[in-house]
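[1] Predicted coordinates and the sequence they were generated for:
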Amino acid sequence: MALAPSDRTGLQDFFAAKLATHCLLPKGVAVAYAMIQGRWVNGRMKRRDFLCLAVMGAIILSATAVAQDEPVVLEVSGDVEAARSFTLSQLRALGVTTIETSTAWTDGTRRFEGVLARSVMAAIGPVSSEFVTAQALNDYQADIPLSDFADYDVIFAWSMDGEMLSRRDKGPLWIVYPRDSRAHLSEERYEHRWVWQLHRLTLP
């Protein structure tokens with residue numbers, strides 16, 4: 001039995017969301033696959049659609065394999081529904097944000113690319129904590145109010161001026177505040193929150 005247009009759209013949106021989230025597919029690819037999947041659901045699978053479906057399936061398997069081979073760059077644990085681990089691709093899938101700002105450790109204005117801290121927090125689900133402990137690879141720790149992530153466009157940066165951050169250059173992730181957007185963010189009390197070599201977040 002054929003589905004109503006509204007039902008087909010709902011199914012396509014559902015498939016696209018699942019593919020983009022779990023298979024790390026670009027949104028356009030996920031939507032295209034979902035549209036084909038929607039035709040199959042409606043019993044109108046044509047030869048051309050079948051071939052496209054096979055290609056999309058291969059892309060999904062390839063993307064999933066790449067994700068599984070990627071190293072984990074960020075772990076989140078503590079008072080959360082379930083502990084999470086993120087690869088760089090999974091962080092990118094949450095949305096890429098670019099900010100330009102000066103820092104207390106570099107010269108001039110630098111261009112940083114990363115994921116919004118609040119997007120990562122949203123991905124792990126609701127939390128009751130008021131702050132998060134950020135831990136670096138060298139065991140340095142800093143407690144950061146979660147309100148910072150809501151009030152400012154704080155990012156977990158993986159690149160600076162187009163260059164990926166290595167461990168020697170404060171990578172793989174560096175907590176970066178939009179320091180130049182608010183005068184008070186240049187105050188010393190915020191500097192200890194710029195955790196570099198970030199690899200773990202713990203919610204107490």
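    On my side now, so go ahead.
[2] I'd like to know how many residues surround Ala93.
    Other residues lying near Ala93 total 22 when counted by other C-beta atoms under 10 Å. The C-beta positions use only the backbone N, C-alpha and C, and glycine is treated the same way.
[3] ok, now the one 4 residues further on?
    Other residues near Thr97 come to 19 when the count uses other C-beta under 10 Å.
[4] cool, and Pro145?
    13.
[5] for Met164, same thing?
    Using other C-beta under 10 Å: Met164 sits among 12 other residues.
[6] For it, list each beta-bridge partner.
    Met164 forms beta bridges with Ser159, as assigned by DSSP bridges.
[7] Quick check, it in contact with Trp158.
    Yes. Using C-beta atoms under 8 Å, Met164 makes contact with Trp158 at a distance of 6.3 Å.
[8] Which neighbours do the two have in common?
    Common neighbours of Met164 and Trp158, using C-beta atoms under 8 Å, 6 or more residues apart in numbering, are Gly171.
[9] All the helices of the protein, residue numbers only.
    All helices of the chain, identified by DSSP state H, fall at 5-22, 27-41, 47-69, 88-93, 117-123, 146-151, 188-191.
[10] nearest spatial neighbour of Glu163, skipping sequence neighbours?
    Excluding the flanking residues, the one nearest Glu163 by C-beta to C-beta, 6 or more residues apart in numbering is Asp169, at 7.6 Å.
[11] Tell me the confidence at that neighbour?
    With respect to pLDDT, Asp169 scores 91.
[12] was I right about it contacting Trp158?
    No. Shown here, Asp169 and Trp158 do not form a contact pair, counting by C-beta under 8 Å, at 10.8 Å.
[13] Tyr190 against Pro178, yeah?
    No. The pair Tyr190 and Pro178 fails to qualify as a contact (C-beta under 8 Å) at a distance of 10.9 Å.
[14] hmm, back to that, neighbour count for Asp169 and Trp158, which is higher?
    The residue with more neighbours, out of Asp169 and Trp158, is Trp158; 21 against 15, by other C-beta under 10 Å.
[15] got the contact list for the residue lying closest to the more buried one once chain neighbours are set aside?
    Counting by C-beta to C-beta, 6+ apart, Trp158 lies nearest to Gly114, which is 5.4 Å off, once chain neighbours are set aside. Applying C-beta under 8 Å, 6+ apart to Gly114 gives the contacts Leu91, Val96, Thr97, Ile155, Phe156, Ala157, Trp158, Ser159, Leu173, Trp174, Val176.
[16] distance of Gly114 from Ser128?
    Counting by C-beta to C-beta, to the nearest Å, the gap between Gly114 and Ser128 amounts to 26 Å.
[17] How about Val72?
    According to C-beta to C-beta, Val72 and Ser128 sit 25 Å apart.
[18] Then Thr101?
    Distance, Thr101 to Ser128, by C-beta to C-beta: 31 Å.
[19] More neighbours: those two, which one.
    Thr101 (19 against 8).
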